Every structure is written in C-alpha cells, then in structure tokens.
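Enquirer: With the sequence up front, the predicted model follows.
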Amino acid sequence: MTVLTAPTRAPAPLRKAVLARPFKGVISAPFMPMHGDGEIDWASLRRYMDWIAGQYPSAIAVNMDAAEAPALSNAERVEVMRVCAEVVAGRVPLICGLIGGSTDQMIAHGRDLVAAGAEGFCVFPPFPVFMGAPIPPEMIRRFHADIADALGLPLIAFQFPRGWGPDYSGEMLDALASIPQVIAIKESSFDANQTIQSVQSVKALPDPIGILTGSDTFIYEAILMGCDGALIGFAGTAVAELMAMNEAAQNGDAQRGREIWERLAPIARYCWRAPIRDFRPRMKEILRLQGLIADGAVRRPQLGISEAEKRELARLAQAAGLI
C-alpha cells in the first residue's frame, strides 16, 4: 500500500475572491472515510483533507453525494464542515453541499454550516418536491434566491443525473442566472447531449455563470464541449492529474489533456459504471490503496464491493499511476 503525500506547491493567495462568477476550475468532492461500523473515521478524514488541500484545487466541496452526505445527520455534516475548515486552514475555498427537503430547513442548516466554516454552497434539489416534470422555473428560481438572500454566500446549482431530479433547461438556467450569488452549475446529467445544451444555454446568457461538469465518465470530453472545469468526485483521488488536464484543455493543449485523460478514463468509467451507486465503495477502495483512508467501508444500506472488483480496481489504479 502506497502512502501519498501532497506535492510541494507555492502557497496560494487568499481565496475569498476566487468564489466569483463565472466560477472556473477543478473542485474536489472528497469521499467520507468510515470505520467498519459506518461511523466517520475522523483521523482518516483529517489526513485525507490535508492531502487534497495541499494540492490547491480551485476549491473543495465537502458534504456532497460522493461523501454520502444524505446519509449523514445534520450534526455530522456540521462537524465535518468544522473539521475540514480546521484542516484546510484557508488554503483553498471550502464549499459545502446543502441538503434538505424544504427551503426553510436548508436555510437553518446552512446557517449552522456557515458558522462551522462554509464559504459557499452547492445546493441540492429539495427532494421529493423537485422530483417529476415539469417543474416551474419560478419555483427553482425562488428556491435558490431565498437561500441566497438568507445565507449571503456564493451558490452552485446542482443538475442531477437525468431521471433523478429536475432537468435545468435553458429557461431554468436563465432564471438561476438572475440570482447574483449563483456562480456556477454542477452539470451532472451524465448525458452528452444535455451537457452540450447546457453549455450553449449558459454561454448565451448576458451574465454567464460557470458550468462545471459532474459527469465523471467523460470529464475531459465535457471540458472540450465548453465546460469551465469540474466539480467532481473523481477529483477526490486524481486531484493533481485532473487539474493538469483541465489546465491543458482550457489553454488549447488538447493533446496533453487527452494523454492525461486516456490514462485516467478506464478507472473513472469502471467506478461509475452500473450500478452507479457503487462508485462510493469503489472509489473508497482506491483511496484505501493509496493509504489515504484506513477502510473502504460505507454506511448502510449501501453495500460493499466484491473481492473481484477490488482486484480489478487495484489493477486499474496501478495502470493509471494512482498507486
């Protein structure tokens, strides 16, 4: 097992101004280390967060879907935020997933997260209210605007995979962009056509927001389609590699970007293949192999993965240069 250390890099400037519109860059969405009984492994979390922060991604987004945040209690999410803020210590901006079933509930939880160190939020759709189509654009606009007014911090909207929640159409993106605090959308449709449509809609806005891919299976291709970067679970492991890939692609060095992605893509596509929910234990196994977390456990009812999958993950991680 290889224990990784963060590469030495020059200190980054203060980050408050970085959470600006349109947001661009690579945001790491870490996974949540857990013990075999499903409780949070705080020692592994501290070590893991220090490793990510030491590579200076554009931001870190804690308490996201990758971190099993919907399975955590409000109190756990607040403590995760506090611990991560303590470890990161201002090196990069800290965004927090904001989860709940109603606007008022999410505002109240958001205030606790702000007190714990959140500098911005990735706003989850309020399920089950946002399930099913059509959803009035005014409902989506008002939901985000009320949170923005109450919390006063930068927001990233969250496009879930197709069929999981609302599809943020061009009209809805226009409504979201009318809110000054909305700096970007996490485009996680896992659908190439919808990604292209979202990019076209966002770029046509008078005051564009950033568009960050959340589709781990085609990160590089999404950037070539016009995404401004990524807010991505895969950057919970391949942090420096994805930052280099994004920089190359954004600066016109498509060949360099493609070389990096061709090395990483097999493991990303293996981890995010059906059933997609198993990306969490699959990615945690990679982090365990990297020596970043002690155990690949997940919180029930999520199941673990087979020994055969673990062997294949080890092979792919080695081929990708991650271990």
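Expert: Yes, it's here.

Enquirer: Show me the shaky parts of the stretch 101-250 of the chain.
Expert: Along the stretch 101-250 of the chain, the model assigns pLDDT under 70 to residues 162-165.

Enquirer: Please enumerate the helices of the stretch 1-150 of the chain.
Expert: 42-53, 74-88, 103-116, 137-151 (DSSP state H, counting those that start in this stretch).

Enquirer: which strands and helices sit next to the last one?
Expert: In this case it means helix 137-151. helix 103-116, strand 120-123, strand 155-159, helix 170-177 (3 or more C-beta pairs under 8 Å, 6 or more residues apart in numbering; DSSP states H and E). Yep, even glycine has a C-beta here, placed from its N, CA and C like the rest.

Enquirer: what does the shortest one give?
Expert: In terms of contacts (3+ C-beta pairs under 8 Å, 6+ apart), helix 42-53 is packed against strand 59-62, helix 74-88.

Enquirer: Switch the helices and strands packed on helix 137-151 over to TSV; also include distance to His35 and mean neighbour count.
Expert: What follows is the helices and strands packed on helix 137-151, written out as TSV (distance: least, C-beta to C-beta, whole Å; neighbours: other C-beta atoms under 10 Å):
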stretch	distance to His35	mean neighbour count
helix 103-116	22	17
strand 120-123	26	27
strand 155-159	29	27
helix 170-177	39	20
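
Enquirer: how close does Glu262 get to Leu212?
Expert: Between Glu262 and Leu212 the distance is 22 Å, computed by C-beta to C-beta, to the nearest Å.

Enquirer: Skipping adjacent residues, who's closest to Ala238 in space?
Expert: Spatial nearest neighbour of Ala238, chain neighbours left out: Leu264 (5.6 Å); criterion: C-beta to C-beta, 6 or more residues apart in numbering.

Enquirer: Helix or strand: which one has the one you found?
Expert: Following DSSP states H and E, the helix or strand that holds Leu264 is helix 254-271.

Enquirer: Could you do Asn246 as well?
Expert: If you go by DSSP H and E, Asn246 is part of helix 239-250.

Enquirer: got the buried residues for that helix?
Expert: Neighbour-count burial for helix 239-250, with 16 or more other C-beta atoms under 10 Å as criterion, is recorded at 239-250.

Enquirer: count of residues packed around the closest residue to Arg46 other than its chain neighbours?
Expert: With sequence-adjacent residues excluded and distances taken as C-beta to C-beta, 6+ apart, Arg46 is closest to Val87, at 5.2 Å. By the criterion of other C-beta atoms under 10 Å, Val87 has 19 neighbours.

Enquirer: From here on, call the first residue 37.
Expert: Sounds good: first residue 37 from here, last item Val123.

Enquirer: Contacts only, for Val123.
Expert: 82, 85-86, 89 (C-beta atoms under 8 Å, 6 or more residues apart in numbering).
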